[in-house]
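Peer 1: sequence and computational prediction follow.
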Amino acid sequence: MISLKFSDGKAWCIMAVNKIKLPHLKRTKNSETIDIPVPEKVVISMSQHMGAPCRVLVNAGDWVKAGQKIGEGDSFLSCPVHSSVSGKVTEITDILRADGKYTKAVVIASDGLQIVSESVTPPKVTNREEFIEAVKESGLCGLGGAGFPTHVKLSFDKDKTPVDSLIINAAECEPYITSDYRELMENSEDVLDGIKKVQQYLGIKNVYICIEDNKAEAVKLFEKLTSSDSSVKIVKLKSLYPQGAEKVVIYSATRRIVGEGELPVNRGVIVLNVTTVGFISRYLKTGMPLVSRRITVDGDGVRTPCNVRVPIGISIRKLAEFADGNIEAARKIILGGPMMGTAVYDPDAPVCKTNNAVLVFIKEAQEQPMTNCIRCARCINACPINLMPAKIEKAYKAKDISALVKLKVNLCMNCGSCSYVCPAKRELAHTNQLAKELITK
Ligand code: SF4
Ligand code: SF4
């Protein structure tokens, strides 16, 4: 049991960090990453990060090279976008994002040559400012899925909010996804080098590498690799969901509680995804920005589940077909995991920097009918932050904004645990997102 102070300063909520057991289903855990052939076309979105979309820096008809910057933003939470292929820009168009809004995208017909831009050279980094600037120029946003620009996370004010702990999130608690696990197993040197660079330039003393105990080989490997480094601790997390949620992993590693309205830096912590730190190391060595990533392709609709390195902007259809996926028969395609991922509306939509999995379902997506709430309270018991999803649903239906505010729906992390355990199949997590939008309108 832990206490959480709400931002109104009055209420102290005693809460248990509830977690649920999910089926493991990680049949790609031993699938070494393979490179997909360069596609004929990529569609590169200008909105792959939290924050305002980038403005397009190229025009239809331009020739571009791999690693060339093609989009840039001026807002605080923007990070640049680069071309993943060499070829000709055929179109600047609008594409539909998962949230229903349109955004600009650059369509590039690949010449198949993958000619690398002259701008791709290792950055000069000798101090904190240059390090943060290099991370910004790399176009890196959290590869765990949230899309928060990494340079913003690293730009904490070391006098006002000193940070003593770096948490490496390698929990990967969603079923199916193994892309972070493969980073641990295939790129352990990059991961450790990236960690050292963050420690060195930001002056962070302690590192906690958090791995679920169902990844025993990774735990063993990293315990061995870090045995002589007293600043690094391997934290073996129980394989429960949502172990990888930011506030949960911070609590599991350090017993520090990030309260409502606070950021991890307010508690002296930053959390980076494991593939994110691996990428930082590779970028500092090569200067190749974030133009490709590893994606797990799985689900009962693919015959060859695998981990694939893909250029950003490849279509979901191409990727699924590479894994012998039956897109035409799919009842549901999900970008990300089954708990927090987004259902895909258009299989020709492009893969973005933040996508770590494509799941194609045929049989498993057969939906059960929704029935009335039986007030069993399972949703409350499953919620990692003890919200009351059934009450939130009722308040949302009544459009009762003041009740929704009191019920703290703004704290919902959209983990999906409440929907998963509900015997009445209520769409609780989905309703919470609508309720969050309602109270911020
Ligand atoms: S989706 Fe929100 S309300 Fe539901 S269990 Fe997760 S945090 Fe709690
Ligand atoms: S789990 Fe479902 S049925 Fe049970 S109280 Fe919550 S909403 Fe109602």
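Peer 2: Yes, it's here. Ligands and ions are numbered 1, 2, ... in the order given.

Peer 1: and residue 401, how close does it get to residue 100?
Peer 2: 22 Å (C-beta to C-beta, to the nearest Å). Glycine gets a C-beta too; all of them are placed from N, C-alpha and C.

Peer 1: neighbour count: those two, which is higher?
Peer 2: residue 401 (15 against 7; other C-beta atoms under 10 Å).

Peer 1: excluding sequence neighbours, find me the nearest residue to the more buried one.
Peer 2: residue 439 (5.5 Å; C-beta to C-beta, 6 or more residues apart in numbering).

Peer 1: assign residue 119 to helix, strand or coil.
Peer 2: Three-state assignment for residue 119 (DSSP: H, G, I helix; E, B strand; the rest coil): coil.

Peer 1: test my guess that it contacts residue 69.
Peer 2: Yes - with contact defined as C-beta atoms under 8 Å, residue 119 counts as touching residue 69 (6.9 Å).

Peer 1: which residue ranges make up each domain of this structure?
Peer 2: 39-120+291-361, 128-286, 370-440 (automatic domain parsing).

Peer 1: from one end of the shortest one to the other, what's the distance?
Peer 2: Think domain 370-440. 28 Å (C-alpha to C-alpha, to the nearest Å).

Peer 1: that domain: how far from the chain's middle?
Peer 2: Between the centre of domain 370-440 and the centre of its chain there are 23 Å (C-alpha atoms, centre = their mean, to the nearest Å).

Peer 1: now do the second one
Peer 2: What separates the centre of domain 128-286 from the centre of its chain is 12 Å, taken as C-alpha atoms, centre = their mean.

Peer 1: so what's the closest residue to residue 68 other than its chain neighbours up against?
Peer 2: Using C-beta to C-beta, 6+ apart and skipping residues adjacent in sequence, the residue nearest residue 68 is residue 117, 4.0 Å away. By C-beta atoms under 8 Å, 6 or more residues apart in numbering, the residues touching residue 117 are 64, 65, 66, 67, 68, 83.

Peer 1: give me the number of residues near residue 423?
Peer 2: 12.

Peer 1: next: residue 439.
Peer 2: 16.

Peer 1: tell me the secondary structure at it.
Peer 2: What three-state DSSP gives for residue 439 is helix.

Peer 1: and it, how far from residue 387?
Peer 2: For residue 439, the distance to residue 387 - C-beta to C-beta - is 14 Å.

Peer 1: between the two, what contacts are shared?
Peer 2: residue 409.

Peer 1: hang on, isn't residue 373 packed against residue 392?
Peer 2: No - assessed by C-beta under 8 Å, residue 373 is found out of contact with residue 392, at 11.6 Å.

Peer 1: thought residue 151 was touching residue 76, still the case?
Peer 2: No - using C-beta under 8 Å as the test, residue 76 is too far from residue 151 to be in contact (10.4 Å).

Peer 1: which of the two has more residues huddled nearby?
Peer 2: Using other C-beta under 10 Å, the more surrounded residue of residue 76 and residue 151 is residue 151, with 19 against 10.

Peer 1: sec struct for the more buried one, please.
Peer 2: Assignment for residue 151 (three-state DSSP): helix.

Peer 1: kindly report the same for residue 308.
Peer 2: Classified using three-state DSSP, residue 308 is strand.

Peer 1: next, count neighbours for residue 407.
Peer 2: Neighbours of residue 407 using other C-beta under 10 Å come to 22.

Peer 1: look up the closest residue to it, ignoring the ones flanking it.
Peer 2: residue 392 (5.1 Å).

Peer 1: and the longest helix for the chain?
Peer 2: When the chain is parsed with DSSP state H, its longest helix is helix 188-202.

Peer 1: buried set for that one?
Peer 2: By neighbour count on 16 or more other C-beta atoms under 10 Å, the buried set for helix 188-202 is 188, 190-199, 201-202.

Peer 1: can you name the element that comes right after the helix or strand containing residue 395?
Peer 2: Using DSSP states H and E, residue 395 sits in helix 389-397. Later in the chain than helix 389-397, the nearest helix or strand by DSSP H and E is helix 401-406.
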